[in-house]
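Trainee: here are the coordinates; sequence isn't available:
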């Protein structure tokens, strides 16, 4: 018996954004190649009868505005429900490469409903939505976790969570992921590829004691925001969220990046991404003093030291997870530590001692430890836990 070919799915794109992008003089060869690849995959998904899907990602904001994140992709209706992977697919294990199979919908039109108000947005050329929505003067959101609604033409309505940081909240946590909350033990050149394309999400190993330590920090500072910053691609956002939830890490939005080319480079800079997001959070929440968490296998110490010099009033403490010897070897060595005798002081056996970064009148503790238990002990000594 012959089966009928599925009808192509209707897709609604922001045509003004499409025209502006394709006529932009700064669109280089790498961007043109990627645009053609996205269009080819989109046409193929439509011909196969796949559906527009709005993926649900956590956002954050204040009582007066929200920053919304989502990805608009083409996928079989059996793979997702309410913008999330269906339970059976998750239980069977999701290999990383599957996160990159779904074709993005460039410049897709998206409607968001926040606090009873409707906003119209459009995705970028990779199908990623990252937009700040300002609420009218007569509307506001209560602090804590709130739900918003996202919808695109041809897609089911999706609920997404946003973490609303109250004006009275003065402490927050910004946390790196790889080698900070996840033990990787992989050479740096292969780390991103392995975690993104190969590793089953059930096979990731949490860093001992970090989830408990972070939960204690939140208990000590009720209402504090937790935001995870990583150089990973937006494609793995839901996988990382499930990993963090499964291992009892505090729930929080992810700030990831698009690995595609930009106007001035073939690949985005992970270091630059972290620097930009830290500066943005300092501007968005001037009343919050952040506890910065990272590891000594990348650029985190230098990034955090520089951020503290520029925004000393926005930093309460810096936590650096020390890699084991084998992890440091695979990482290509340890990161250089900030230029400060106090920060670089070591004990007789070569371990880092807690240090203080002095910026004007601000004294910022630097806390080192191989796991959450050791870090928690030092935090308690500073009265932070």
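Mentor: Yep, it's here. In this text, all values refer to a predicted model and were calculated from it rather than measured experimentally.
Trainee: Please report how far the spatially closest residue to residue 63 that is not a sequence neighbour lies from residue 126.
Mentor: Once flanking residues are discounted, residue 63 sits nearest to residue 140: 4.3 Å by C-beta to C-beta, 6 or more residues apart in numbering. Where C-beta positions appear, they are placed from N, C-alpha and C, glycine not excepted. The gap separating residue 140 from residue 126 is 32 Å, by C-beta to C-beta, to the nearest Å.
Trainee: Looking at those two, which has the bigger crowd around it?
Mentor: residue 126 (20 against 14; other C-beta atoms under 10 Å).
Trainee: That one contacts residue 108, doesn't it?
Mentor: No - judged on C-beta atoms under 8 Å, residue 126 makes no contact with residue 108 at a distance of 10.6 Å.
Trainee: Tell me the confidence at residue 233?
Mentor: Residue 233 carries a pLDDT value of 81.
Trainee: residues near it, how many?
Mentor: Neighbours around residue 233, by other C-beta under 10 Å: 21.
Trainee: Residue 136 now?
Mentor: Neighbour tally, residue 136, other C-beta under 10 Å: 10.
Trainee: and what of residue 216?
Mentor: For residue 216, using other C-beta under 10 Å, the count is 16.
Trainee: now residue 59
Mentor: 27.
Trainee: and it, what does it touch?
Mentor: 66-69, 148, 160-163, 253 (C-beta atoms under 8 Å, 6 or more residues apart in numbering).
Trainee: If we use 7 Å, what do you get?
Mentor: By C-beta atoms under 7 Å, 6 or more residues apart in numbering, the contact list for residue 59 reads 66-69, 160, 162, 253.
Trainee: Tell me how far it lies from residue 117.
Mentor: 15 Å.
Trainee: do the same with residue 293
Mentor: Counting by C-beta to C-beta, the gap from residue 293 to residue 117 is 35 Å.
Trainee: Could you do residue 245 as well?
Mentor: Distance of residue 245 to residue 117, computed by C-beta to C-beta: 29 Å.
Trainee: re the thing from before, who has more neighbours out of residue 293 and residue 117?
Mentor: Using other C-beta under 10 Å as the criterion, residue 293 and residue 117 rank with residue 293 on top: 28 against 13.
Trainee: Which other helices and strands does the helix or strand hosting the more buried one contact?
Mentor: Using DSSP states H and E, residue 293 falls within strand 289-295. Here strand 289-295 touches strand 171-175, helix 300-310, strand 315-321, going by 3 or more C-beta pairs under 7 Å, 6 or more residues apart in numbering; DSSP states H and E.
Trainee: got the angle for that strand vs strand 171-175?
Mentor: On the basis of axes from the mean of the first three to the mean of the last three C-alpha atoms, to 10 degrees, strand 289-295 is oriented at 20 degrees to strand 171-175.
Trainee: Would you list the strands that strand 289-295 pairs with, along with their directions?
Mentor: strand 171-175 (parallel), strand 315-321 (parallel) (DSSP bridges).
Trainee: That'll do, ta.
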